[in-house]
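Peer 1: need a 3D model of the sequence below.
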Amino acid sequence: MTIIKGTTPTIRYVFETVQVTDITRAILTVKRGSDILIERDLSSAETGVKTLSWKLTQEESLSVDGDATVMLNWKLSDGTRGATNKAFLVFTDNDKDEVI
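Peer 2: Below is the predicted model:
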């Protein structure tokens, strides 16, 4: 996925076998190497019937240069923990490299 810096993209996860209503904790991370650049929890997510979504702020998307990975960890009400595979993100330059 390519993200233009300074925009407010949405990162969305679709669950096929997990009931979103059973998720009690979720942590979204955007990471480069060993550094977590962005971290969001369930309280900042938009929930759908089968989805969890996070909209990045302009400041967040401006804070990442180049390549990164995104991953979601979650915990269900019965204590089961799950995680997604890492997905590759590319943050590209914007002619207006600032918050507007």
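
Peer 1: mind checking the end-to-end distance for stretch 16-33?
Peer 2: 29 Å (C-alpha to C-alpha, to the nearest Å).

Peer 1: quick one: buried residues of it?
Peer 2: 20, 23, 26, 28, 29, 30, 31 (16 or more other C-beta atoms under 10 Å). All C-beta atoms are positioned from the backbone trio N, CA, C, and that covers glycine.

Peer 1: all helices of this protein, in order?
Peer 2: Here the chain has its helices, by DSSP state H, at 58-62.

Peer 1: re the thing from before, closest one of the buried residues of stretch 16-33 to residue 86?
Peer 2: residue 31 (8.1 Å; C-beta to C-beta).

Peer 1: that older thread, now the buried residues of stretch 16-33 as JSON lines including pLDDT and distance to residue 66?
Peer 2: Written out in JSON lines, the entries for the buried residues of stretch 16-33 read as follows (pLDDT from 0 to 100; distance: C-beta to C-beta, whole Å):
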{"residue": "20", "pLDDT": "97", "distance to residue 66": "32"}
{"residue": "23", "pLDDT": "98", "distance to residue 66": "31"}
{"residue": "26", "pLDDT": "98", "distance to residue 66": "26"}
{"residue": "28", "pLDDT": "98", "distance to residue 66": "19"}
{"residue": "29", "pLDDT": "98", "distance to residue 66": "17"}
{"residue": "30", "pLDDT": "98", "distance to residue 66": "12"}
{"residue": "31", "pLDDT": "97", "distance to residue 66": "13"}
